[in-house]
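Participant: only geometry, no sequence info:
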């Protein structure tokens, strides 16, 4: 199986005492059978350099702060049209916006135009709770919205992520940093085996336990392959 890691970062993060460059990422990918990783970083040029260095192994998402207005939209245009990036990353917690605020709408319009997914950080109050994504999904039912961490570490937010994904077919759940392995099986059963994708959150997480979390969740072999590989290939059009 060629695993697709849908959630990784490059750079140095002193607050978390972690760092990772592209060479280290590739080394870990080789060790754990990961064929392709989806990368997003700040600055976006860090992602671009990595994708250029390893075009067969890394694909980029452009990190967008909607408070930048037209500049944000220009970044999307350039990343998709010139850099060949496969989607958009947004972080309501770090950039201080609610997913269902109208400030997000122009970026969603760009995602609709280019038919690319948007991966949002999900699971930290007050900015990135699941119910706001439900409101956004109602306004943009034709844009693929990925809930990174599917609620993260809080059971209320994990259950909330599963609930909103059940209501909206355009919401995808991504597994990184969500500690409850059985919730992956529950998500597959309630939301759909084609709407849950694997991520490691490197360097904050690691494939050694994030892959294993999927493997021991109780899924069938076919479902494991879908979560670890097949679904992400379709979503990111690989």
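Facilitator: Good, I have the coordinates. Not measured: the values here are computed from a predicted model.
Participant: tally of neighbours for the residue nearest to residue 53 when sequence neighbours are not counted?
Facilitator: The shortest distance from residue 53 to any non-neighbouring residue, by Cβ to Cβ, 6 or more residues apart in numbering, is to residue 22 (5.7 Å). Every residue, glycine included, has its C-beta placed from N, CA and C. Using other Cβ atoms under 10 Å, residue 22 is surrounded by 21 other residues.
Participant: tell me how far residue 22 lies from residue 185.
Facilitator: Counting by Cβ to Cβ, to the nearest Å, the gap from residue 22 to residue 185 is 33 Å.
Participant: likewise for residue 125?
Facilitator: From residue 125 to residue 185 the distance is 26 Å (Cβ to Cβ).
Participant: ok, these two, which is more surrounded?
Facilitator: Taking other Cβ under 10 Å, residue 125 and residue 185 do not tie; residue 185 has more neighbours (19 against 9).
Participant: residue 49 belongs to a helix?
Facilitator: Yes. Using DSSP: H, G, I helix; E, B strand; the rest coil, the secondary structure at residue 49 is a helix.
Participant: what's the separation between it and residue 58?
Facilitator: Per Cβ to Cβ, residue 49 is found 10 Å from residue 58.
Participant: next one: residue 103
Facilitator: Counting by Cβ to Cβ - residue 103 and residue 58 are separated by 30 Å.
Participant: more neighbours: these two, which one.
Facilitator: Between residue 103 and residue 58, counting by other Cβ under 10 Å, residue 58 is the more crowded of the two (22 against 14).
Participant: my read: the more buried one touches residue 23, true?
Facilitator: No. Residue 58 lies out of contact with residue 23 (Cβ atoms under 8 Å); the separation is 11.2 Å.
Participant: skipping its backbone neighbours, what lies nearest residue 141 in space?
Facilitator: residue 170 (5.5 Å).
Participant: can you show me the helices along this structure?
Facilitator: 22-31, 44-53, 70-81, 92-95, 105-114, 130-139, 155-167, 181-191, 207-215, 221-225, 231-235 (DSSP state H).
Participant: is it possible to get a markdown table of those helices that adds mean pLDDT and distance to residue 198?
Facilitator: As requested, the helices of the chain are exported to a markdown table (pLDDT from 0 to 100; distance: least, Cβ to Cβ, whole Å):
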| stretch | mean pLDDT | distance to residue 198 |
| --- | --- | --- |
| helix 22-31 | 98 | 13 |
| helix 44-53 | 98 | 20 |
| helix 70-81 | 98 | 23 |
| helix 92-95 | 96 | 22 |
| helix 105-114 | 98 | 22 |
| helix 130-139 | 97 | 19 |
| helix 155-167 | 98 | 15 |
| helix 181-191 | 98 | 9 |
| helix 207-215 | 98 | 6 |
| helix 221-225 | 98 | 9 |
| helix 231-235 | 98 | 7 |
